[in-house]
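K.L.:
Dropping the sequence and predicted coords here.
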Amino acid sequence: MPSHIKPRASEYEVYQNRDDQLIYTPKTVNIFLDDAFAAMHDFTQTEAVSHFNQREWRVIRPKIIAWGRLDCMD
């Protein structure tokens, strides 16, 4: 590594691209594969329109379909 670049991590993975450039990336834990990280977070999702009640949804849904945004939904 050039002396004017100060390292921010202690370990790096080095890749060489098609132009023979060396790419240094810090070794880090992939949070999406880390069981401890996953256990601390709730990844459930709600529907985008769940804040509407059924009556409001019956009025709003046809308008949205007319705009062509939910034509694939039941």
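P.N.:
That came through fine.
K.L.:
From D19, how far out is E56?
P.N.:
Distance, E56 to D19, using CB to CB, to the nearest Å: 56 Å. For glycine as for every other residue, the C-beta is placed from the backbone atoms N, C-alpha and C.
K.L.:
higher neighbour count, the two?
P.N.:
A count of neighbours by other CB atoms under 10 Å puts E56 above the other of E56 and D19, at 11 against 5.
K.L.:
Please report how far that one lies from L22.
P.N.:
Counting by CB to CB - E56 and L22 are separated by 57 Å.
K.L.:
And S3, by the same measure?
P.N.:
16 Å.
K.L.:
likewise S10?
P.N.:
Taking CB to CB, one finds S10 at 18 Å from L22.
K.L.:
which helix in the protein runs the most residues?
P.N.:
helix 54-66 (DSSP state H).
K.L.:
Output the below-cut-off pLDDT ranges for the chain.
P.N.:
1, 46-54, 67-74 (pLDDT under 70).
K.L.:
Do you have the helices of it handy? List them.
P.N.:
Per DSSP H, the chain carries helices over the ranges 35-40, 54-66.
K.L.:
Just name the most buried of the ones you listed.
P.N.:
helix 54-66 (a mean of 11; mean count of other CB atoms under 10 Å).
K.L.:
how about that one as PDB, C-alpha atoms only?
P.N.:
Taking C-alpha atoms only, helix 54-66 is exported to PDB below (Å, rounded to 0.1, in the frame of the first residue of the first chain):
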ATOM      1  CA  GLN A  54     -60.900  -1.900   4.700                       C
ATOM      2  CA  ARG A  55     -63.500   0.800   3.800                       C
ATOM      3  CA  GLU A  56     -60.800   3.300   2.800                       C
ATOM      4  CA  TRP A  57     -59.000   0.600   0.800                       C
ATOM      5  CA  ARG A  58     -62.100  -0.200  -1.200                       C
ATOM      6  CA  VAL A  59     -62.300   3.500  -2.200                       C
ATOM      7  CA  ILE A  60     -58.600   4.000  -2.800                       C
ATOM      8  CA  ARG A  61     -57.700   0.700  -4.600                       C
ATOM      9  CA  PRO A  62     -59.700   1.300  -7.800                       C
ATOM     10  CA  LYS A  63     -58.000   4.800  -8.100                       C
ATOM     11  CA  ILE A  64     -54.600   3.300  -7.700                       C
ATOM     12  CA  ILE A  65     -55.400   0.500 -10.200                       C
ATOM     13  CA  ALA A  66     -56.600   3.200 -12.700                       C
END
